[in-house]
Structure formats: structure tokens, C-alpha cells
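Peer 1: here are the coordinates; sequence isn't available:
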């Protein structure tokens with residue numbers, strides 16, 4: 001036998017031996033081999049992470065998670081476990097203002113190369129500059145630098161040290177956006193009369209307000225506020241516990257309770273305070289569980305945080321999923337009591353909670369239910385009575401709360417339910433006991449708004465007509481709107497920079513005011529232009545908006 005044949009024969013015997021089979025079938029050995037073979041991809045991923053780290057070092061950190069619903073450190077009951085992303089080759093630059101994964105983490109020369117090669121829309125950069133010359137390159141590079149900062153998920157709140165101001169000095173995103181003229185937040189209005197507003201000296205159509213019934217300028221509401229100032233002054237200068245309660249508060253509490261068919265009502269200084277006070281007062285020990293929808297409002301999360309300080313637990317269930325809630329409630333101990341908390345209408349999606357299924361599950365497990373109807377009052381349900389009334393479940397929901405700052409055209413909050421439960425809350429909720437009471441003109445304006453809502457039912461009918469028209473027409477144009485059923489209509493863009501640039505174009509070119517929701521205020525790929533509608537919008541306002549949406553949507557490749 002030749003030497004070559006003997007070597008081949010020995011190799012076959014060796015590879016079939018038990019020792020070799022055990023080695024090659026060992027998980028750790030296989031992982032090591034896979035790592036060696038995949039070294040090139042691993043090095044590339046490491047370079048990308050280093051580029052992102054370098055960019056953060058140079059330019060500062062991005063915004064922290066604004067919405068606590070996005071905190072992935074707390075699990076979500078019923079949610080699909082996250083899968084590790086598969087390695088993929090770097091995607092080419094998307095058209096318009098979109099960015100590939102590589103572009104989001106690129107810096108230095110790589111950033112400049114991407115900017116120079118980046119396609120433009122209709123021969124114009126997303127900032128409106130021409131595509132030729134150094135100006136276009138600089139603008140594109142600046143946009144991509146801003147996109148990198150917006151995409152970074154590092155939270156400033158984790159920065160610590162001797163100087164608690166350190167995180168403030170490292171926060172650069174807002175300053176950079178202001179310098180570029182694309183900062184969309186905290187823009188001061190000159191005045192706002194409802195469907196139209198004045199911003200920096202020019203009239204804009206307002207599609208970013210929660211003034212659903214258009215009552216902020218109603219003559220009766222204005223008169224009620226003026227009369228309250230004349231009679232009671234501008235403030236009670238004290239908490240409800242001591243000198244801050246007056247007959248005006250009690251009168252509104254009785255009217256709110258009667259309106260919802262409940263035994264009692266309680267008036268708060270803000271809508272945010274309603275959830276902080278109610279949740280922390282009721283869930284005050286280690287045998288309490290807050291069972292909340294993952295997408296609940298930030299005020300609910302803050303109320304739960306206060307309850308957790310007293311020992312309560314938080315369990316999040318999959319968004320608007322009664323089956324996930326059922327599973328979560330099945331796992332709590334017999335010695336624990338649960339308060340299920342959900343938005344009635346979710347403020348970003350415009351989606352109505354699956355209340356019939358939720359009520360059924362709550363009753364099955366002998367839990368209690370709190371519904372936050374901030375965006376439902378005046379919008380859905382007979383007479384604008386909200387989510388429970390919409391489904392005919394008013395008697396089945398234990399507590400219903402909300403705010404004056406939407407349909408009731410004021411500032412403050414309300415809660416209705418059993419008298420004994422509300423009596424307990426007002427005696428044990430620190431954020432209620434030690435906060436100054438709602439000012440007389442605010443209470444009077446809210447009470448007048450509640451009366452107008454019942455005296456002028458056409459407002460709710462007109463509101464429904466307006467948002468139904470806009471939802472139908474926006475879908476016809478090809479926009480993605482999610483599951484909205486109410487006056488809140490989100491237009492999904494699914495890209496941070498494109499969302500901001502579309503917002504800017506709508507405002508600058510068409511005098512249309514909408515709200516851009518970008519990361520980290522929303523999850524990745526959930527970026528939207530949030531629009532909301534009023535009973536006082538006229539068809540000319542809506543048609544102008546549709547024309548603007550169509551042109552801007554096509555310009556940026558969304559439709």
C-alpha cells in the first residue's frame with residue numbers, strides 16, 4: 001500500500017474514533033470552531049460598535065427612553081421572546097432620508113462616503129438644498145450625524161459621578177437639532193384658537209392638539225373661567241386636605257360621578273396626578289400587584305413606581321391582549337391582590353383597549369380594574385362617556401379616571417368609582433394630600449365643558465365624521481395607520497430622520513402642524529407622525545392637510 005493510501009486509511013479510522021466524535025460533537029468545541037470561521041464577521045461587528053462608541057464620545061449621548069413602556073429590562077407577559085438578529089451584509093443606503101444599519105453607526109470617512117453617495121429626492125436634499133456642490137454634502141453629512149445621535153440608545157440617566165450635572169453637559173442632541181433647524185419640540189405658539197394656531201408669526205393648521213371637542217375657546221367655557229376668577233380668585237393656595245377644598249370642587253365631583261353612573265367622584269390638580277395618587281394609594285404593600293398593559297401611559301408607570309417603593313410588584317402584559325392578562329393573573333399568589341390598569345384609548349396609537357375581554361378576565365380572577373379614559377372622554381361612547389360606555393360595561397369597571405386637558409378644555413384630573421374607595425384614596429395618597437388643589441377657574445372651565453358636551457351632542461358627531469374622513473382618505477393615499485379607531489391617527493414612517501424631515505416639510509412648506517414621535521420616545525421602527533382631530537376642523541382644513549400629506553409622502557418615498 002502506498003504511503004498516500006495508508007495516510008488516508010489512518011485518517012478515516014481517526015475521524016471515526018470515539019474520541020474524535022466526542023470532541024467534534026461537543027458544544028463548546030463547535031462554538032469555538034464557529035467563532036474562528038466567523039472571525040471576519042465578528043471583527044466587522046466590533047468595528048461598527050467601536051464606531052458608534054466613538055461617535056457617542058465625540059457628540060454626546062442621545063435622549064434617554066422618554067416612555068417607560070419602552071423599558072425592556074422589565075419583561076412583558078405574553079410577548080414573544082426576542083430573537084437574536086441574524087447577521088446580514090450591510091444594506092445599501094435607502095432612498096430619501098432613510099439610513100441603513102451601517103449608516104446609523106458610521107463615523108469619520110465612512111460617514112462622508114455615505115453622504116456623498118446618498119440619493120436625494122427629486123434632485124433636492126431632505127433639507128431642501130440642491131444636490132450639487134459642497135453644500136449638499138455638508139447638509140447630508142449633518143443629517144446623518146443627527147440620525148446617528150437619534151439612533152443611539154444609550155441613556156444619559158446611567159451616567160454617574162461626583163457631578164450630577166455631568167449628564168447634562170454631555171447631552172448634545174437637542175442643541176445639534178436646534179442648530180440644524182429640525183428640532184420639533186417645545187415650539188412656543190403665539191396663540192391657539194383650535195383648528196388654527198399662530199406659530200412664529202404665521203398661521204398654521206393645528207393637527208397636533210388634544211382639544212377634541214374644540215371647547216377651549218367656547219364662549220360658555222371662557223365665561224365660566226372669568227366668573228370663577230371674579231368670585232373665587234385665581235387659586236386656593238392650599239391642598240384639598242386643609243383650605244383647598246370648596247363647594248365648586250364638590251359640585252364637579254358629583255356631576256362627573258352622575259355622568260358616568262358611579263357613586264362618587266374626586267377632582268385632582270392634574271390628570272397625571274390621578275394615576276400617581278390612585279395607584280400608589282391602593283397598591284401600598286408587598287401583597288399588591290400592578291398588572292399593566294405594556295403600552296400604558298407614563299403616568300401609570302410612575303404611579304406603579306411609587307407603589308413598588310412600598311413593596312408592590314409590577315407585571316406587564318402584552319398590549320391589549322386579554323389572553324396574556326389571563327395568563328399573568330393566573331400566576332400571582334393567592335395572598336396577592338391585583339389592580340389591572342389600562343388606557344381606554346391609547347394616546348399614541350388611537351387604538352381602543354380590548355375592554356370586553358379584559359373585564360371578563362378581571363372578573364374571573366377577582367381582581368380590580370382601573371381604566372384611564374384621558375383620550376376617550378368626549379370621543380367615544382354614548383354622549384362621550386368613554387370606553388366602558390362604548391362597550392356597555394360601565395358597571396363592570398371599578399374605577400375610571402382621566403384629565404381635564406383634552407375634551408374638558410382645562411387643566412386637572414378626575415376619578416369616579418365607589419365612595420368608600422375614593423374616600424380611602426383621598427386620605428392615603430400623598431400626592432393628593434400634599435398638592436395644592438385645582439384652581440377655581442380650571443374647575444369652573446371643566447364643569448362648563450362637561451355641560452356643553454351634553455348640551456351640544458353635534459360636537460362628538462362632527463368629531464367622528466372628521467376623523468373617519470381623514471382615516472379613510474389617508475389609507476386611500478397609501479399611508480400606514482395601524483389600528484386607530486379614534487381622533488388620534490398615527491401615520492407610520494418607521495425612520496427617525498425621515499419622520500423629522502417630513503415634519504419639517506409639512507410645517508415649513510404647507511403650514512401644517514403635526515407631532516413627530518421618534519426614538520427613544522417610541523420603539524425602533526415605530527416612528528410616526530401623530531395627528532389628532534377636532535370637532536371644529538372644517539373640511540377645508542382637512543383637505544389642505546390631505547394635499548400636504550400626499551405631496552410630502554411621495555417626496556420622501558413613504559407612499
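Peer 2: Cool, got the structure. All of these numbers come straight from a predicted model, not from anything done at the bench.
Peer 1: where are the low-confidence patches of the stretch 151-300 of the chain?
Peer 2: 151-155 (pLDDT under 70).
Peer 1: Kindly tell me how buried the closest residue to residue 293 other than its chain neighbours is, as a neighbour count.
Peer 2: What sits nearest to residue 293 in space, not counting adjacent residues and going by C-beta to C-beta, 6 or more residues apart in numbering, is residue 342, at 4.6 Å. Heads up, the C-betas are built off the backbone N, CA and C, glycines and all. Applying other C-beta atoms under 10 Å, we find 27 residues neighbouring residue 342.
Peer 1: for residue 340, same thing?
Peer 2: Using other C-beta under 10 Å, residue 340 has 25 neighbouring residues.
Peer 1: Okay, and the residue nearest to residue 504 when sequence neighbours are not counted sits in which element?
Peer 2: Take residue 504 and drop its neighbours on the chain: the residue closest to it by C-beta to C-beta, 6+ apart is residue 182, 5.5 Å away. Under DSSP states H and E, no helix or strand contains residue 182.
Peer 1: Equivalent analysis for residue 285, please.
Peer 2: Assigned by DSSP H and E, residue 285 falls within no helix or strand.
Peer 1: Surely it is in contact with residue 308?
Peer 2: No. Residue 285 lies out of contact with residue 308 (C-beta atoms under 8 Å); the separation is 11.2 Å.
Peer 1: secondary structure class for residue 490?
Peer 2: Following DSSP: H, G, I helix; E, B strand; the rest coil, residue 490 is assigned to strand.
Peer 1: Quick check: phi and psi at residue 525.
Peer 2: phi 70, psi 10 (degrees, to the nearest 10).
Peer 1: Check the gap between the residue nearest to residue 504 and residue 173 for me.
Peer 2: 11 Å (C-beta to C-beta, to the nearest Å).
Peer 1: One more: residue 490?
Peer 2: Counting by C-beta to C-beta, the separation of residue 490 from residue 173 is 23 Å.
Peer 1: More neighbours: those two, which one.
Peer 2: More crowded of residue 490 and residue 173, by other C-beta under 10 Å: residue 490, with 26 against 19.
Peer 1: Pull the contacting residues for the nearest residue to that one once chain neighbours are set aside.
Peer 2: Using C-beta to C-beta, 6+ apart and skipping the chain neighbours, the partner closest in space to residue 490 is residue 528 (4.0 Å). By C-beta atoms under 8 Å, 6 or more residues apart in numbering, residue 528 lies in contact with 348, 490, 491, 492, 493, 499, 516, 517, 522.
Peer 1: Can you classify the last one by secondary structure?
Peer 2: Read that as residue 522. At residue 522 the chain is in coil, as set by three-state DSSP.
Peer 1: residues contacting residue 395?
Peer 2: Taking C-beta under 8 Å, 6+ apart as the test, what residue 395 contacts is residue 261.
Peer 1: Ignore what I typed, I meant residue 256.
Peer 2: Residue 256 makes contact with 265, 267, 414, 416, 450, according to C-beta under 8 Å, 6+ apart.
Peer 1: right, and the residue nearest to residue 293 touches residue 358 too?
Peer 2: Yes. Counting by C-beta under 8 Å, residue 342 touches residue 358, with 6.3 Å between them.
Peer 1: Noted, bye for now.
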